[in-house]
Each structure stands twice: as C-alpha cells, then as structure tokens.
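[1] Fold the stuff below for me.
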Amino acid sequence: MGANGMKPAVILMGHGSRVRGASQGMEAVADQLRQEEEFMAVEVCHMSRRGPFFPEALKKLADMGAREIILIPYFLHMGLHMRLDIPEMMQAEAAAYPGVRLVLGKHLGYDESLAALVKKRIAESQGLEDVRQMKLDPRDKFPLPAGEKEFVAMDPDEAEKYNKDHGHCHHHHD
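    Below you'll find the model as predicted:
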C-alpha cells in the first residue's frame, strides 16, 4: 500500500522509438502488472519519439484519483536520462499536482535474474542466421515523428566540449 493506505499507481517509462510497436515488451509487462491487481493502475509512456508521453500518463492517473505515482524507468543503464532528463521532466510536471506524491523509482538496472535471461537469449540466438544474411527494411520506412530529432540535442558549447573529450565519433548518450 502507498503512504495514504491506497495502492500506488505505476508508470513504466521507455525511451521511445520511431519504430511503431517497439515498446511491445514494456506493454506486455504493464499488462501483466495490471492483471495482478497490486497497483491502482499501470500506464506506459515514452520519453521521446512517439506518445504517450509522461505528462499524458501523469494526468490520466491523477484524474483517476491516484495519490501516489511511482515512475519506473524501463532502462538498464544509469545514464544521462536517469540522472537528469527524467527527474527534470518529473519535477517540471509535479507542480501541477500538489496532492500527488510523485516518485522516481529505481530503473531496471542490474539484477541477478538478468544473467539467466542473457543466457536464455544466447541459447535462442545460436540457430539464427549470420547477420550478413539478414534482410533489412529501408531506413525511410521509419520516419521521425514531426518535430522530433534523432538524438538528444546539445548546445554548441556542450557539443564542442564533448567532441574534445570524446573525439568526433558518434555516440548516442542516454
């Protein structure tokens, strides 16, 4: 139970992708959590690319009467999104919901069960074709939604410092 005796509501937040259906795995986890009925409600959202986005999920749960909302980032690594982007996004929206306790939960990160999952994926992958045989869709089949950029924007000074520190090779920072 949450702090006020009510079941907390949960938001699972994925990165987002220009590929439709890319978050099916996260959606399946949300469905499983809903069926278990341990939480008031479970919603999914994305940081970027395609909605639903965090403000929509937060409003939906608050409108349902949630008094505690725990956001679980569907991320494995403790990168920039976890350290700054997500908490900043949550803090910006929190002011509109003074009666709601809004918690940035722990990201998926490391868990002993991941080693077993990786071993399972290795076993499942051993019979797959060589990558050179794969038929790939053309990139233009996956256009960016209007107004979106492929990578996290950097201001010019930040980009210059990053290039000095890391060279000019491409890195998507998370």
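[2] Need the outlier residue of this protein, farthest from its centre.
    In the chain, residue 133 marks the outermost C-alpha relative to the chain mean, sitting 31.0 Å out by C-alpha atoms, centre = their mean.
[3] What's the separation between that residue and residue 114?
    According to C-beta to C-beta, to the nearest Å, residue 133 stands 29 Å off from residue 114. In short, each C-beta sits where N, CA and C put it, glycine included.
[4] neighbours of residue 76, just the number please.
    For residue 76, the neighbour count with other C-beta atoms under 10 Å is 14.
[5] Surely it touches residue 109?
    Yes - here residue 76 reaches residue 109: they are 6.4 Å apart, a contact under C-beta atoms under 8 Å.
[6] got the domain boundaries for this protein?
    Here the chain is described, according to automatic domain parsing, as comprising the domains 9-104, 136-166.
[7] Need the winner for burial among those.
    Highest mean neighbour count among the domains of the chain (mean count of other C-beta atoms under 10 Å): domain 9-104, with a mean of 16.
[8] residue ranges with poor pLDDT in the chain?
    Scanning the chain for pLDDT under 70 picks out 1-4, 147-156, 158-159, 162-163, 165-174.
[9] please redo it, this time with the cut-off set to 50
    168-174 (pLDDT under 50).
[10] need the strands for it, in chain order.
    Assigned by DSSP state E, the strands in the chain fall at 9-14, 42-46, 68-73, 101-104.
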